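*Asks:* sequence plus predicted model, see below.
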Amino acid sequence: MAESPRPKIDRKARLQIPAQPIQKHDPLERCNHWEEVVIGFSPDTAMVEATRCIQCPAAPCIKACPVGNDIPGALWLLEIGDFIGAANKFRETSTMPEVCGRICPQERLCEGDCVVGNNPKLNVRPVAIGRLEAFVADHQRKTEGLPRPTIAESTGKSIAVIGAGPAGITVAELLAPNGHSITILDNWPEPGGILRYGIPNFKMGKSIVEDKVALLRDLGVEFVGNVTIGRDKSVSQLLAEYDAVYLGHGASIGASPNLPGEDLNGVYYATDFLVRGNLSPEELPEGQKEKPKIGKRVVVIGGGDTSSDCVRTAVRLRAKEVTCLYRRTESEMPGRVEERTHAKEEGVKYVFLTAPLRFVGDESGNVTGVECIQMELGEPDASGRPRPVQKAGSEFIVTADTVVMAVGYWADEEFAQAVPGLGTQKSGRIVIDPDTGETSVPGLFAGGDSVRGADLVVTAVADGRRAAEAIDAYLQGLGSTAKAAPQMV
């Protein structure tokens, strides 16, 4: 359907349109299943919600989007009923609108800059850009399937992509149609990276990942699982075997609070807990196929989205009491408000200004509790948030049968240091040219969390898009070789 010209917009009238309700499963019901909590919009309510967009010329929502989605353009097409056109408008700049519409923290990106939501006189919700993006992408995927690009004749060039997550998948999806041979290697058994192994089903159903993988296979992309780069094969070997290599392996090292008792039975790192709790045994490597042992009382430590994923997984694994400990107040928590709201609706208890000191166990080596101390907020630290300070003499015990540490992720410093000549930060993050994804090693590109540290799906997609363009130029001999001193993103 050709895009219709837009008539003159009555912005004042549009500002009076009420925000449309977003359907969700009832909290008592959803605690007993793993389906997505958010049902979303009906076609009629989606069109009305899209009409709330005032099509402002400045379009700050576009500038706030890491991939630069033409949000007003997409919402206009949705408003007039062209759902496929709207989906394709998002796909012009994003390889994963069905993912980003669900997972992105829109409240601090596009929706955070929405003019409708920033009008203090109205005091209304911004346009639900994320859920509208997911709606049109889902409609297209379910009615027509993911759009398949035309594939050019083979160039004879080959690319190895390390990591089957958002960055690596984006690179493959954009380069395969150009006639290049793409092989994606990943240490997990099945493709998807964080999309499969990090995002629980109640936030995003696995059919989205399966459809994307099926599309890539149809484009000729080969997936090789259960391969650990650095152990099974080195980056240097890949550079010798392929014409270019992309590092999109993410930030996979779970941070540890380094507290006494971490080795007790019943104490888990977040990734181990989540994959065991959310995935079927055939999707998991040996040693992780059994469900985590859940007692009556589960304690999760951390304040990000991963901690929300862990507490909500614990609820669905039939824990009777789930508590999240965080050392600052709720206003300083880095995770999404929506996810915490869902968790609270599902019965999760939050204890703020509380930090763990050690894990307590019994004579059999099983965790029985967490010794904690109360905190108070001091001057801002390097993050700009108030620094938590211990209150002397305020120690207390939180009883727990299961503890999950969800305190962040780091890039793999050993991996990066094992690549000869690769420029890295002290933390193991890879140094790249931010415009191209080029590293200090010719033919080697990188992006996503392996460069940024633990970040967003949408920023990994943005990195993958830039790198794909640069890799294509590199393979054609049109681009520069790796720069001696690239700058950090």
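*Replies:* Thanks, I have it.
*Asks:* G277 is in what secondary structure piece?
*Replies:* helix 270-278 (DSSP states H and E).
*Asks:* touching, V115 and P60? I think so.
*Replies:* Yes. In this structure, V115 is within contact of P60 by CB atoms under 8 Å, at 6.7 Å. Heads up, the C-betas are built off the backbone N, CA and C, glycines and all.
*Asks:* list the contacts of the closest residue to E111 other than its chain neighbours.
*Replies:* Spatial nearest neighbour of E111, chain neighbours left out: P126 (4.3 Å); criterion: CB to CB, 6 or more residues apart in numbering. P126 sits next to 111-112, 114, 116-118 when contact means CB atoms under 8 Å, 6 or more residues apart in numbering.
*Asks:* that's a strand at D138, yeah?
*Replies:* No. Counting by DSSP: H, G, I helix; E, B strand; the rest coil, D138 is not found in a strand; it is helix.
*Asks:* higher neighbour count, V115 and P60?
*Replies:* Ranked by neighbour count (other CB atoms under 10 Å), V115 and P60 place V115 first, with 18 against 15.
*Asks:* next, that one: phi, psi?
*Replies:* With angles defined as degrees, to the nearest 10, V115 sits at phi -60, psi -40.
*Asks:* same question for Y268.
*Replies:* Torsion angles, degrees, to the nearest 10, at Y268: phi -120, psi 150.
*Asks:* could I get the contacts of P126 in JSON lines, plus columns for distance to G250 and secondary structure?
*Replies:* JSON lines is the format used below for the contacts of P126 (distance: CB to CB, whole Å; DSSP: H, G, I helix; E, B strand; the rest coil):
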{"residue": "E111", "distance to G250": "26", "secondary structure": "helix"}
{"residue": "G112", "distance to G250": "25", "secondary structure": "helix"}
{"residue": "C114", "distance to G250": "30", "secondary structure": "coil"}
{"residue": "V116", "distance to G250": "35", "secondary structure": "coil"}
{"residue": "G117", "distance to G250": "32", "secondary structure": "coil"}
{"residue": "N118", "distance to G250": "33", "secondary structure": "coil"}
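*Asks:* name only those of the residues you listed that count as buried.
*Replies:* 111, 114, 116-117 (16 or more other CB atoms under 10 Å).
*Asks:* now, which of the residues you listed sits nearest H33?
*Replies:* Closest to H33 out of the buried ones among the contacts of P126 is E111 (27.9 Å), distances taken as CB to CB.
*Asks:* show me where the stretch 151-300 of the chain has its helices.
*Replies:* Taking DSSP state H, counting those that start in this stretch, the helices of the stretch 151-300 of the chain run over residues 166-175, 194-197, 207-218, 235-241, 270-278.
*Asks:* most packed of those helices?
*Replies:* helix 166-175 (a mean of 29; mean count of other CB atoms under 10 Å).
*Asks:* and that helix, what other elements does it pack with?
*Replies:* Counting contacts by 3 or more CB pairs under 8 Å, 6 or more residues apart in numbering; DSSP states H and E, helix 166-175 is packed against strand 158-162, strand 181-185, helix 194-197, helix 207-218, strand 244-247, helix 457-476.
*Asks:* output the longest strand belonging to the chain.
*Replies:* strand 367-380 (DSSP state E).
*Asks:* beta-bridge partners for the nearest residue to Y350 once chain neighbours are set aside, please?
*Replies:* Nearest in space to Y350, with sequence neighbours left out and distances taken as CB to CB, 6+ apart, is C324 at 5.0 Å. Here C324 sits in beta bridges with V300, Y350, as judged by DSSP bridges.
*Asks:* quick one on the thing from earlier: pick out the most distant pair among the contacts of P126.
*Replies:* Farthest pair in those, by CB to CB: G112 and V116, 11.8 Å.
*Asks:* send the alpha carbons of the worst-scoring helix or strand of the chain on mean pLDDT over as CSV?
*Replies:* None of the helices or strands of the chain scores lower by mean pLDDT, DSSP states H and E than helix 413-417, at a mean of 88. Below are the C-alpha coordinates for helix 413-417, written out as CSV (Å, rounded to 0.1, in the frame of the first residue of the first chain):
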residue,chain,number,x,y,z
GLU,A,413,38.4,-9.7,29.9
GLU,A,414,40.3,-13.0,29.3
PHE,A,415,38.6,-13.4,25.9
ALA,A,416,39.6,-10.0,24.8
GLN,A,417,43.2,-10.2,26.1
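*Asks:* buried set for it?
*Replies:* 415-416.
*Asks:* contact partners of that helix?
*Replies:* Here helix 413-417 has contacts from 229-230, 249, 253, 422, 424, 427-430, 450, using CB under 8 Å, 6+ apart.
*Asks:* now do stretch 269-285
*Replies:* 34, 188-190, 196-198, 200-201, 226, 252, 254, 256, 288-292, 302, 306-307, 309-310, 313-314, 316-317, 404-406.
*Asks:* output it as CSV - backbone C-alpha positions only.
*Replies:* Extracted in CSV, the C-alpha atoms of stretch 269-285 (Å, rounded to 0.1, in the frame of the first residue of the first chain):
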residue,chain,number,x,y,z
TYR,A,269,24.1,-16.6,39.6
ALA,A,270,21.3,-14.9,37.7
THR,A,271,22.0,-16.4,34.2
ASP,A,272,22.2,-19.9,35.6
PHE,A,273,19.0,-19.4,37.5
LEU,A,274,17.2,-17.9,34.6
VAL,A,275,18.1,-20.4,31.9
ARG,A,276,17.4,-23.4,34.2
GLY,A,277,14.0,-21.9,35.2
ASN,A,278,12.9,-20.7,31.8
LEU,A,279,14.2,-23.1,29.1
SER,A,280,13.6,-26.7,28.2
PRO,A,281,16.4,-29.2,28.9
GLU,A,282,17.1,-29.7,25.2
GLU,A,283,18.0,-26.0,24.8
LEU,A,284,20.6,-26.2,27.6
PRO,A,285,24.1,-27.5,27.9
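*Asks:* quick one: pLDDT of the most centrally placed residue in the chain?
*Replies:* Nearest to the geometric centre of the chain sits V457, at 3.8 Å (CA atoms, centre = their mean). Looking at V457, its pLDDT reads 97.
*Asks:* ditto for T183
*Replies:* For T183, pLDDT reads 98.
*Asks:* ok, now S383?
*Replies:* On the pLDDT scale, S383 gets 80.
*Asks:* if we can go back for a sec, which of the contacts of P126 sits closest to G220?
*Replies:* E111 (37.1 Å).
*Asks:* so that closest one touches L132, yeah?
*Replies:* No. Contact criterion CB under 8 Å: E111 and L132 do not qualify, at 10.3 Å.
*Asks:* I figured G335 hits V300, correct?
*Replies:* No. Using CB under 8 Å, G335 is not in contact with V300, being 11.4 Å away.
*Asks:* gap between the helix holding G277 and the chain center?
*Replies:* Relative to its parent chain, helix 270-278 has a centroid offset of 15 Å by CA atoms, centre = their mean, to the nearest Å.
*Asks:* got it, and stretch 351-365?
*Replies:* 29 Å.
*Asks:* could you do stretch 43-51 as well?
*Replies:* With CA atoms, centre = their mean, you get 26 Å for stretch 43-51.
*Asks:* what residues does it touch?
*Replies:* By CB under 8 Å, 6+ apart, stretch 43-51 touches 14, 17, 19-21, 40-41, 75-76, 78-79, 81, 83, 86, 127-128, 131-132, 135-136, 139.
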